[in-house]
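A.B. asks: Next come a sequence and a model predicted from it.
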Amino acid sequence: MNNKEKSMLSSLSYYHPIRYALSRNDFINEVIKSLPTSFHSEGDLIFNFSMDKYQESYSRFIQERASHSKLSMAQELYPTAIRRLYTTVNRMYLEGKYKEREAWLECLSTADGDDYAVFKQYALLNCYSNNIFDFDSDLLKMFESTDVDNVLLKDINLPFPTTYLHFGKQSNKKISGNISAIIDSFTITKKFPGFKKDVDFFLDGAYISQCPNTGKLRITLTTAKDKKNKYIYNCIDSYEDTFELELVKTSQHTTVGEAVELQKKQLLLFNQNELLQKSLKSGFRESLDNDLNKIKLEADKKINYVIKSLKIIVNCILYLQSYSNEIEEDYPSENVEYKSNSTNGFVKTAVAKKESSKRQFQKIKFCGRKKKPFISVEQQTTSSDVDIDLLDENKRSLSPHKRRAHTRKQRYGKGLEQWRYVWIKETTIHKDKYQYSPNNYRIYEVETPTQVINEAQYQLSD
């Protein structure tokens, strides 16, 4: 890759898949090739393969990270710590200090494991046509205020087995994953004097994969640092935090809210077991209860940040499956400018297309350019897009209250055979009396499939 191509790609680094590959450009494609052949089938690596099936790719990936650490130049706390960790682990191995090495290796393996988790999602994205969806900021504001707790997991269907959703840096959504914990740990224990924690990570997108057999969703949040990376071509120096979770369908009626609670409990149980094992090894159990309480508070804090992000993520997925005709596919402006200069316009031959793909000349799927506003429900509203129950509520003698913004399933099309989600704006019921009542909110429950069919007669086709 020449300097001009690097410059063009770095200007597109607001897309995580591009900047992720850019910082690992010298080895990432070869590591992807080392994955099992069946990785490319419907039964994919993330959900259906144990570690021993892809040990080769994992080992190779970690070896390349170790090599990058030797070339690392950033003077921030995290890359400095990682460089020292690699050096210490190797020295202790040569000296035969295996017990001391194990403690350092545990911290290092956490950082390596996070990076490999993102790598798996990136590799899957490349296997499934590299679909990146870029969401308009106004659309994201709408999604941020729309509740998703009652959305049924069985109603969530990705358009591709793996996709990447790009939001841009969300400065109000700080993500604290393992890298944040490592930085905090080194700062508190003062193992690296002279450093202060001066880096925060904010949500900027998410990789989403869906298991073809169970419908389980694997969500890997990506972040952007609060300050610009100086060294963008080294994976140790261009570090970014991440957080991964799964939404599991335990029954046909499992909701997003229930799946999040399950994940929260599993995260807490995992952390508690880890702490218990450490206390048994060390022999110190006096402060175990306090440590367990601290872990619960930390887990609650982390998952609450994630829950805020899930509103955007789930609503984005519902938008993709409900309004695919509103998505516009186009080249980012940087692609167009460089491509027109280097290839005499948009190329059409198979060879040229292959070369374009190799150079990251790809179209991005832009969402929200065609603005679709919230549906506003007022007392006199008769829109066919509004659920009849909402109109009935205005007619009934109910106490004044606010209804939070939420999604609703709507039948449409010929014979009302299709359904999609529509977004309902926050609404004040009995607005004229609301000022005299408490500030109460009510959320409309997502209906069962039977209710959807029964209500279909009230919906009008497009």
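C.D. replies: Ah, there it is.
A.B. asks: secondary structure element for the nearest residue to Ser324 once chain neighbours are set aside?
C.D. replies: Counting by Cβ to Cβ, 6 or more residues apart in numbering, Pro159 is the residue found nearest to Ser324 once chain neighbours are left out, at 6.8 Å. For the C-beta atoms, the positions are set from N, CA and C on the backbone; glycine is no exception. Using DSSP states H and E, Pro159 maps to neither a helix nor a strand.
A.B. asks: Which positions within the helix or strand hosting Leu267 qualify as buried?
C.D. replies: Taking DSSP H and E as the criterion, Leu267 maps to helix 256-282. For helix 256-282, a neighbour-count test (16 or more other Cβ atoms under 10 Å) marks Val256, Glu258, Ala259, Val260, Gln263, Lys264, Leu267, Leu268, Asn271, Gln272, Ser279 as buried.
A.B. asks: mind checking how far the closest residue to the fourth one other than its chain neighbours is from Pro159?
C.D. replies: If you skip the residues right next to it in sequence, Val260 has Ile307 as its closest partner in space, 6.0 Å away by Cβ to Cβ, 6+ apart. According to Cβ to Cβ, to the nearest Å, Ile307 and Pro159 sit 24 Å apart.
A.B. asks: Tell me if I'm right that Val31 and Phe119 touch.
C.D. replies: Yes: Val31 lies in contact with Phe119 (Cβ atoms under 8 Å); the separation is 7.3 Å.
A.B. asks: list residues touching both of these two?
C.D. replies: Common contact partners of Val31 and Phe119 (Cβ atoms under 8 Å, 6 or more residues apart in numbering): Phe61.
A.B. asks: Was I right to think Thr222 contacts Phe201?
C.D. replies: No: with contacts defined as Cβ under 8 Å, Thr222 does not count as touching Phe201, sitting 9.2 Å away.
A.B. asks: shared neighbours, these two?
C.D. replies: Counting by Cβ under 8 Å, 6+ apart, the shared contacts of Thr222 and Phe201 are Glu240.
A.B. asks: buried residues in stretch 104-121?
C.D. replies: Buried residues in stretch 104-121, defined by neighbour count with 16+ other Cβ under 10 Å: 104-105, 107-108, 111-112, 114-121.
A.B. asks: Dump it to PDB, keeping only the CA atoms.
C.D. replies: Output of stretch 104-121 as PDB, limited to C-alpha atoms (Å, rounded to 0.1, in the frame of the first residue of the first chain):
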ATOM      1  CA  TRP A 104       1.200 -10.800  34.100                       C
ATOM      2  CA  LEU A 105       0.000 -13.100  31.400                       C
ATOM      3  CA  GLU A 106      -3.600 -12.900  32.700                       C
ATOM      4  CA  CYS A 107      -3.700  -9.200  32.200                       C
ATOM      5  CA  LEU A 108      -2.000  -9.500  28.800                       C
ATOM      6  CA  SER A 109      -4.400 -12.200  27.600                       C
ATOM      7  CA  THR A 110      -7.400 -10.000  28.500                       C
ATOM      8  CA  ALA A 111      -6.100  -7.300  26.200                       C
ATOM      9  CA  ASP A 112      -5.200  -9.800  23.400                       C
ATOM     10  CA  GLY A 113      -8.600 -11.600  23.800                       C
ATOM     11  CA  ASP A 114     -10.500  -8.300  23.300                       C
ATOM     12  CA  ASP A 115      -8.700  -7.600  20.200                       C
ATOM     13  CA  TYR A 116      -9.200 -11.100  18.800                       C
ATOM     14  CA  ALA A 117     -13.000 -10.800  19.600                       C
ATOM     15  CA  VAL A 118     -13.100  -7.700  17.400                       C
ATOM     16  CA  PHE A 119     -11.000  -9.500  14.800                       C
ATOM     17  CA  LYS A 120     -13.600 -12.300  14.600                       C
ATOM     18  CA  GLN A 121     -16.400  -9.800  13.900                       C
END
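A.B. asks: And the average pLDDT for that stretch is what?
C.D. replies: For stretch 104-121, the mean per-residue pLDDT is 89.
A.B. asks: got the contact list for it?
C.D. replies: Against stretch 104-121 from outside (Cβ under 8 Å, 6+ apart): 20, 28, 31, 45-46, 58, 61-62, 65, 82, 85-86, 88-89, 92, 162, 177-179, 182, 185, 207, 209, 218, 220, 222, 235, 242, 244.
A.B. asks: can you give me the helices in the stretch 1-150 of the chain?
C.D. replies: For the stretch 1-150 of the chain, applying DSSP state H, counting those that start in this stretch gives helices covering 3-11, 16-22, 28-33, 45-48, 55-71, 77-95, 98-127, 137-144.
A.B. asks: pretty sure the residue nearest to Val260 is touching Glu261, no?
C.D. replies: No: when contacts are counted by Cβ under 8 Å, Ile307 is not listed as touching Glu261 (9.9 Å).
A.B. asks: tell me the secondary structure for Tyr207?
C.D. replies: What DSSP: H, G, I helix; E, B strand; the rest coil gives for Tyr207 is strand.
A.B. asks: Trp419 versus the nearest residue to it once chain neighbours are set aside, what's the distance?
C.D. replies: Closest residue to Tyr207 apart from its sequence neighbours, by Cβ to Cβ, 6+ apart: Gln121 at 3.7 Å. Distance of Gln121 to Trp419, computed by Cβ to Cβ: 29 Å.
A.B. asks: ok, now Arg24?
C.D. replies: From Arg24 across to Trp419, the span is 42 Å (Cβ to Cβ).
A.B. asks: With neighbour numbers in mind, choose between those two.
C.D. replies: Neighbour totals were compared for Arg24 and Trp419, and Arg24 leads with 22 against 18 (other Cβ atoms under 10 Å).
A.B. asks: can you tell me which residues contact the closest residue to the more buried one other than its chain neighbours?
C.D. replies: Leaving aside its chain neighbours, Arg24 sits nearest to Cys235 (5.0 Å; criterion: Cβ to Cβ, 6+ apart). Cys235 makes contact with Ser23, Arg24, Glu64, Arg65, His68, Asp115, according to Cβ under 8 Å, 6+ apart.
A.B. asks: Thanks a lot, catch you later.
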